[in-house]
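> Curious how this folds, go ahead:
(3 chains)
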Amino acid sequence: MNAYILGAVFIVAAPLLGGLLSGLDRVFAARMQGRQGPPVVQPFYDLSKLFQKRANIVNRYQALLVFGHLVFAAFTAFMIFSGGDILLTLFCLTLSEVFLCMTASSANGPYSSMSSQRELMQIMCVEPMLLLMAIGYYLATGSFMISDFLKADTPAIVKMPGFFVGFLVILIVELRKSPFDISSSHHAHQEMVKGITTDISGNIMGMSELAEWYEVAIMFAFSGLFFIDRHPISILFVVLAALAVFFFENLVDNVFPRVKWEIMFRVCWGVSFVAGGANLFFLLMMQK
Amino acid sequence: MPIIEFLIFFPFLAAIVLMFMKEPTGKRAAFATCCSIAIMAVCIVLAVEVWGGMTLPGAEGSANVFLVDPELFNLLITAGEAFLMCLVIYYGIRYRKYYVILLSAGQTIPVLWLDLTGKTSAAAAGQTYLRIDNLTVMMCLIVGIVGGLICIYANGYIKDYHNHHTEFPKRSNWFMAMLFVFLGAMFGLLFSDNLGWLYFFWEITSICSFLLIGYNKLPVSINNSFRALWMNLLGGCGFAAAILYLVLNLNIISLSQLLTFSGEKEIVLIPVILLAFAALTKSAQMPFNGWLLGAMVAPTPTSALLHSATMVKAGVYLLIRLAPLMSGTLAGLMVTTVGGFTFFAASLIAITRSDGKGVLAYSTISNLGLIAACAGIGLPESVWAGTMLILFHAVSKSLMFLTVGAVENATGSRNIEDMTGLVVRMPKMAAAMIIGICGMSLAPFGMLVAKWAALKSFVDARNVLMILFLAFGSASTTFYWVKWLGKLFAVVHHQDPLPDTVHRGEWAAIIPLSALVVAMMFLFPVISQYVIIPVLAQMFGEKISSVISQGDMAIMIVMLVMIAVLPIALRLVNKIRQDAKDKETLVYMNGANSGDDRHFINSLGEQESDSMSNWYMANWFSAEKIMKPCLAISSFMIILFLIWAITGGAI
Amino acid sequence: MKMSKSPWLLHYDASSCNGCDIEVLASTTPVYDVERFGVINTGNPKHADILVVTGGVNYQNKPVLEQLYAQMPDPKVVVAAGICACDGGVFKDCYNILGGIDKVIPVDVYAPGCAVRPECLIDAVVKAIAILDEKRARMKAENKA
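Residues are numbered from 1 along each chain as shown, chains lettered A, B, ... in the order given. From the prediction side, this is the model:
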């Protein structure tokens, strides 16, 4: 029961966390480029504004599909924080992303349509590693349940460094940082304009923005799971690790602004295969 | 209890009657529909009786439970085998494809010799010819219900087909008859315990598919039909060799004897690996995937029947049967490796296909690979996953085939690119297709549950290779399904619904199938508990708990409910959201749209049209690029394992 | 929270000589750093609140400008950046120029200059967001009624 309460609390807390992280992200990027940047709470201003705007729609399916995207992103967050099955969490996340892709596909404009395909491509890039990561947790802790990860004696990272490396690489894609021709990002100069959200506007855009915060929170929760164990002190490590991951992702984004999807695909699958596969192999060997 | 005899012989009788009803009249349609309904009803009765606690005949070992005079039928079947061989020889000579004669004679003559010398006679050995258990009943339901619905659909479809394609000779009576022969053969295959009988029905399905693929008599159909024939005959050779080995060396003449074989697994390794080889060809695993792709030239009911209900399922059915014998042996390793590799490679190639049926064909090959791999692992939980996959795949995939066929008849194209905006143009059909696609690829619908269980079992079997195949393969699977789904949703500005020209008979199959897919999504915990667990209990002789935990099943159901209530919830949200009503605008095209979403003004001030196409990544994964290496790798694996097993290797 | 906290802009070059465009972009560089105020250059009318137009409007881009404006969701404001956007500037009498962009769409704030200076532009945006808040209040009142 407690788990469900925790999950419910995080339905509210996750977007706060996600929003804060995207705010930090913008300040961080500005500082790296020698600018002052917006206030940290800027994303909340943005969201509030979006919800005050009228929505210009392209067809009558958009609101429903974006709403589905939001609901399942929130449900994914709920599942993670209520300690659910990590594989089911990943499937739910995919479902949520599929809803977003359908929104863009249904708009059927040049930018939306192409971004929808790119987004699917990105899902294809990251999915193997996410699945392997889930299996890694299972082998390291003996369970797929996130609630059981918290009972481990040592943090999972000890047994799964390879998975962590792979996860860091796909996180760049999952957080919509690189490559340059990715389906969506916060930069106006990129190939797909505003990519997958191009034809979403006003308060419907607000829903999709909110869903993105959930996604950010979910991704950092995944990174935190590598470091958590039954000792309360591990929460400190989780926070530190999240900050380090955050720094790393931004650095990569700023250093490689012109990576294209071909490289993204090769790197994601290559690293997933080599780092994930090798780590998997050793874990299985160790336990034989 | 004449139910089983009815299921085997009734379709053959129906086929003979249909043969004589030349014109596609309402009378013929009514007759075929009645026969299909009868078959479906009998299947359901059988299931109710068996699951309702009826004692299984054959379990007591009483010889003549099923047939009044089995030896007469045995003689008939021997004659049938000879007839099939003659048929192949006739076609081989007529189309100058002499190699099929060699393949057919090479396998039929030794089996005939066994039959005529009475070595496979069950009565002599105190065995039954037929047998029934939970797995047969489950398969029977699939074949009966899905197959029956396809036959109903075929009535309307084949009529439309000939109206659209007047260039082909009209042989629709023959077509309908063949579908029923197919069903009969399939039931025979499921109920046969005697290896000779099993082999006979196995051969009927091979030859039937050969005839159906060549239906149009175009050069390409004929070529493809011969490809199907030789590949399946090659598998038949493996089957015949397995029978020879079992009868002559081990004195085993029935499947149940083989399955209850008490000695070391290594002793039966050679026949098991040969049977597995036959099953791999039948279920179109690489390198034998060619025949199934070629089968796409046939009219849609053929492909649906071939794919979902019968042919390919016959292969994996045999593999599932053999699963306990394969676990941890070379045979299991072969099936797992080839299946896993096929799953991965076929899902990559499916990305590059824009032809609807082509995608379905590759996805079938891919999913069958996964089922085969599950069977090859041979652990209870992997077999759970495999059986679940068979169930969900049969229903969702045949739904997909039928909808693609119906869309093709209505719009004249089965290309996915031409399905743009189907939600507006054919809303009902699009809904059925969306159900089908979700059932095939997304959580929390059907197939994904089974894939999930498969993943767990691969981890528990400690098979690194399979885990990697599954992780990467399921990523590409999502890609090709969801981009198809996207096309359906891609609304074109100011588009009107197409006139509803879909035949009533087609709806009569599509609506129940869609309902079945949805029902199965909600009922899968029940299905697992009452259908699949008993199958496993019989197969492994122990009580097995469900692979997916109760809590997870509950969450999946919650997700389904959430999807169902999504539109209602949106209404509530809209009340808060819309302090201003939404306004319709054009899509963003740099402001250069010329009045609608499909035209823009170019730099010379002229109007030009544009269209959106899906991404096929043809320069990465097209069949031309990666098929040859894939075939080489899989052939190498199969040959390696076969030689390894026959020369007496052990792992 | 007021809408003015988050002004997202769309920059459209009607038929500018690019002088003003460079100044618009200059506002986002470290020297002026307009993102301090939460301004994002979205490049997409459907996300934008403020349309910044440089250059006068001509016959060819009139429909484009109209469309971009129509695609922006309400409430929205328009800033004419530079003298050409305000009234056509030195190109006013050219055969192909219609004049300032107010010939085509309603303009809320005029920022003169050839080229417009970043300080002036930022000032114009600040004025524009005040109007944005007003429009929002009006929209809310209208919808309640």
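> Just give me the neighbour total for residue A:260.
For residue A:260, the count of nearby residues is 13 (other C-beta atoms under 10 Å in any protein chain shown). C-betas here are computed from N, CA, C, even on glycine.
> Oh, that last question was meant for residue C:81, not what I typed.
By the criterion of other C-beta under 10 Å, residue C:81 has 32 neighbours.
> Surely it touches residue C:24?
Yes: with contact defined as C-beta atoms under 8 Å, residue C:81 counts as touching residue C:24 (6.3 Å).
> what sits in contact with each of the two?
By C-beta atoms under 8 Å, 6 or more residues apart in numbering or on different chains, residue C:81 and residue C:24 have these common neighbours: C:52, C:54, C:116, C:121.
> The second one - how many residues pack around it?
Other residues within reach of residue C:54, judged by other C-beta under 10 Å, total 29.
> So in terms of bridging, what pairs with it?
With DSSP bridges applied, residue C:54 shows beta-bridge pairing to residue C:13, residue C:81.
> need the contact list for it.
So residue C:54 contacts C:11-14, C:16, C:20-21, C:24, C:81-82, C:84-85, C:116 (C-beta under 8 Å, 6+ apart).
> Could you check how far it is from chain A?
Relative to chain A, residue C:54 is positioned 15 Å away (C-beta to the nearest C-beta, to the nearest Å).
> Ok, the third one next?
In this structure, residue C:116 lies at 19 Å from chain A, with C-beta to the nearest C-beta as the measure.
> same thing with residue B:449?
Counting by C-beta to the nearest C-beta, the separation of residue B:449 from chain A is 9 Å.
> swap in residue B:405?
The gap separating residue B:405 from chain A is 24 Å, by C-beta to the nearest C-beta.
> where along chain C do the helices fall?
For chain C, helices defined by DSSP state H occupy the ranges C:19-26, C:62-71, C:83-87, C:118-144.
> swap in the stretch 301-450 of chain B?
Residue ranges of the helices in the stretch 301-450 of chain B, as given by DSSP state H, counting those that start in this stretch, are B:311-326, B:330-351, B:356-377, B:380-411, B:422-425, B:427-441, B:447-460.
> again with the stretch 51-200 of chain B
Using DSSP H, counting those that start in this stretch, helices in the stretch 51-200 of chain B cover B:70-94, B:98-116, B:122-125, B:134-141, B:147-164, B:172-191, B:195-213.
> Show me which residues of chain C sit near chain A.
C:1, C:3, C:5-6, C:8, C:29-30, C:33, C:35-38, C:40-44, C:46-47, C:49, C:71-75, C:136, C:139 (C-beta under 8 Å from any C-beta of the partner chain).
> OK, contacts around residue A:203?
Residue A:203 makes contact with A:50-55, B:577-578 under the criterion C-beta under 8 Å, 6+ apart.
> And residue B:171, by the same measure?
Per C-beta under 8 Å, 6+ apart, neighbours of residue B:171: residue B:215.
> Show me the shaky parts of the chain.
No chain specified, so I'll use chain A. Along chain A, segments meeting pLDDT under 70 span A:1, A:178-191, A:288.
> try chain C instead
For chain C, residues meeting the criterion pLDDT under 70 lie at C:145.
> So for it, the centremost residue is which one?
Central residue of chain C (C-alpha atoms, centre = their mean): residue C:52, 2.0 Å from the mean position.
> ok, that one to residue B:82 distance?
Residue C:52 is 86 Å from residue B:82, where distance means C-beta to C-beta, to the nearest Å.
> still on that earlier bit, in TSV: the helices of the stretch 51-200 of chain B, plus distance to chain A, mean pLDDT and mean neighbour count.
Listed next are the helices of the stretch 51-200 of chain B as TSV, based on distance: least, C-beta to the nearest C-beta, whole Å; pLDDT from 0 to 100; neighbours: other C-beta atoms under 10 Å in any protein chain shown:
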stretch	distance to chain A	mean pLDDT	mean neighbour count
helix B:70-94	44	84	16
helix B:98-116	40	84	18
helix B:122-125	43	64	16
helix B:134-141	26	86	23
helix B:147-164	28	81	24
helix B:172-191	33	87	25
helix B:195-213	33	87	25
